[in-house]
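[1] return atomic coordinates for the entry below.
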Amino acid sequence: MKLLEKYTSKNLKLENRIVMAPMTRSRADNEEHVANDLMQNYYSQRATAGLIITEGINVSKDSVGYINVPGLYTEKQTESWKNVTTAVHAMGGKIFAQLWHVGRVSHPDFHEGKAPLAPSAVNPETQSYTYEGFKDTVTPQEMTLEDIKQTVQDFANAAENAMKAGFDGVEIHGANGYLFHQFFALTSNKREDNYGGSTENRGRFLFEVLDAVIEKIPLEKVGLRLSPDFDGVFGMKKDDETTEMFEYLVNKLNDYELAYLHFSGFAGQDDDPLKSILEIANHYRKIYKGIFMINGGFKKDTADKAIEDGLADLVSFGVPFISNPDLVQRFAVDAPLNEPDQNTFYTPGAKGYTDYHFLK
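    Numbering: from 1, shown residues only. A predicted model of the protein is given here:
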């Protein structure tokens with residue numbers, strides 16, 4: 001199987017092409033939002049993946065939008081991740097930190113009563129899960145130029161902290177309706193300055209972040225995740241300029257020799273996520289010249305075929321890794337997979353997190 005072959009590029013050297021996708025698991029249930037022993041166990045259990053991409057990690061207090069999510073903006077948080085990276089490396093694994101800012105998909109409860117920051121003052125009309133349960137989102141604060149400048153620096157600082165913590169690289173979360181995506185989309189970006197209007201202006205924030213990050217860490221240690229098919233969630237809507245926007249981004253990303261570009265498919269309630277990502281891969285694989293990773297509804301055989309057909313170099317798996325820490329071995333021997341317990345996806349504790357059975 002192509003999926004199980006070693007993968008070597010200029011920027012990556014992996015034992016296989018199976019990547020553990022980033023997934024919020026809400027286990028940093030401590031006041032300082034540090035990575036804890038439970039998280040160390042969770043990631044090291046899954047170290048046979050060719051590459052692990054962590055859950056989204058907050059780059060600042062302003063970036064927070066979910067409960068019990070870890071950070072990489074304090075010295076204590078940075079130190080706490082060393083235990084995770086050391087454990088993964090001891091098992092022979094590689095691990096990237098996903099850097100995250102949710103933008104308007106947050107709530108004042110996370111920001112001392114202040115509205116969250118976003119490109120424009122447009123309420124996503126969704127709900128945020130706070131420590132008191134679900135609450136309706138509010139109209140966010142439109143970011144000032146100083147807010148944008150500070151957020152660019154927050155990502156650069158978090159990337160530098162990731163290197164101090166021993167990560168092999170970082171992935172910038174530019175997908176799924178969060179801050180970067182909010183800059184890209186006309187439905188959420190109503191700005192009339194250099195960060196709104198044209199495709200170039202709406203992409204400016206991403207490239208300013210990339211430029212700031214690579215002043216701190218090598219470019220070959222930086223990945224990026226995008227989701228051009230994301231629609232109908234968090235107030236996001238595809239529009240007549242969506243394809244043009246993402247084609248602009250991907251063409252310009254060819255000037256950056258990233259570790260990889262990670263595209264995620266999207267499916268509504270009655271849609272097929274695999275159909276979405278295969279259409280995306282067919283389109284953008286022809287444009288992007290670098291290492292291409294795809295995600296969305298794959299099983300072993302469909303993932304292997306995508307690589308065989310040249311649609312991607314790497315495939316990431318989300319939910320299958322939740323319930324199968326030994327997913328790579330199960331694929332190798334064609335073993336059945338454990339079923340995930342959706343009731344424990346975001347609950348504190350080991351249950352549904354580190355207690356899934358390995359193959360005997």
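[2] flag the shaky bits of the stretch 201-350 of the chain, pLDDT-wise.
    Within the stretch 201-350 of the chain, the stretches with pLDDT under 70 are 269-270.
[3] that one: helices as residue ranges?
    Counting by DSSP state H, counting those that start in this stretch, the segments of the stretch 201-350 of the chain that form helices are 242-253, 273-284, 300-308, 319-323, 327-333.
[4] could those helices go into TSV alongside distance to Lys360?
    All C-beta spots, glycine's among them, are computed from the backbone N, C-alpha and C. Shown next, in TSV, are these (distance: least, C-beta to C-beta, whole Å):
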stretch	distance to Lys360
helix 242-253	44
helix 273-284	31
helix 300-308	20
helix 319-323	16
helix 327-333	11
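[5] and Gln153, which of the ones you listed is closest to it?
    Among those, helix 242-253 comes nearest to Gln153, with 21.4 Å by C-beta to C-beta.
[6] mind listing what's buried in that closest one?
    Within helix 242-253, the residues that count as buried by 16 or more other C-beta atoms under 10 Å are Thr242, Met245, Phe246, Tyr248, Leu249, Val250, Leu253.
[7] and of the residues you listed, the nearest to Ala162?
    Ala162 lies nearest to Leu253 out of the buried residues of helix 242-253, by C-beta to C-beta, at 20.2 Å.
[8] just give the nearest non-adjacent residue to the closest one, would you?
    In space, and not counting its chain neighbours, Leu253 is closest to Leu261: 6.2 Å by C-beta to C-beta, 6 or more residues apart in numbering.
[9] what about that neighbour, how many residues nearby?
    Using other C-beta atoms under 10 Å, Leu261 has 24 neighbouring residues.
[10] could you pull out the strands for the stretch 1-150 of the chain?
    Taking DSSP state E, counting those that start in this stretch, the strands of the stretch 1-150 of the chain run over residues 7-8, 13-14, 18-20, 51-58, 95-100, 117-118, 127-130, 133-136, 141-142.
[11] number of nearby residues for Val170?
    Neighbours of Val170 under the rule other C-beta under 10 Å: 30.
[12] doesn't it fall inside a strand?
    Yes. Assessed by DSSP: H, G, I helix; E, B strand; the rest coil, Val170 belongs to a strand.
[13] correct me, but it touches Leu224?
    No. Val170 is beyond contact range of Leu224, at 9.5 Å (criterion: C-beta atoms under 8 Å).
[14] rewinding a little: reformat the buried residues of helix 242-253 as a markdown table; add distance to Val88.
    Output for those, formatted as a markdown table (distance: C-beta to C-beta, whole Å):
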| residue | distance to Val88 |
| --- | --- |
| Thr242 | 36 |
| Met245 | 35 |
| Phe246 | 32 |
| Tyr248 | 36 |
| Leu249 | 30 |
| Val250 | 30 |
| Leu253 | 27 |
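[15] name the nearest of these relative to Ala267.
    Lowest distance from Ala267 to the buried residues of helix 242-253 (C-beta to C-beta) belongs to Thr242, with 16.4 Å.
[16] ok, that closest one - contacts?
    Ala185, Pro228 (C-beta atoms under 8 Å, 6 or more residues apart in numbering).
[17] mind checking how far it is from Phe230?
    9 Å (C-beta to C-beta, to the nearest Å).
[18] just Leu253 next, same as before
    In this view, Leu253 and Phe230 are 18 Å apart by C-beta to C-beta.
[19] check Pro140 too.
    For Pro140, the distance to Phe230 equals 18 Å [C-beta to C-beta].
[20] not counting sequence-adjacent ones, nearest residue to Lys300?
    Using C-beta to C-beta, 6+ apart and skipping the chain neighbours, the partner closest in space to Lys300 is Phe331 (4.8 Å).
[21] nearest to Ala165, of the helices of the stretch 201-350 of the chain?
    Checking the helices of the stretch 201-350 of the chain against Ala165 by C-beta to C-beta gives helix 319-323 as the closest, at 21.3 Å.
[22] how about that closest one: buried residues?
    So for helix 319-323, counting by 16+ other C-beta under 10 Å, buried means Pro320, Phe321, Ile322, Ser323.
[23] same thing with stretch 352-360?
    Neighbour-count burial for stretch 352-360, counted by 16+ other C-beta under 10 Å, picks out Gly352, Tyr353, Thr354, Tyr356.
[24] check stretch 15-32 too.
    For stretch 15-32, burial by neighbour count (16+ other C-beta under 10 Å) applies to 15-28.
[25] wait, Asp62 touches Ala118, no?
    No. Using C-beta under 8 Å, Asp62 makes no contact with Ala118, being 10.6 Å away.
[26] neighbour count: those two, which is higher?
    Counted by other C-beta under 10 Å, Asp62 and Ala118 do not tie: Ala118 has more neighbours, with 27 against 24.
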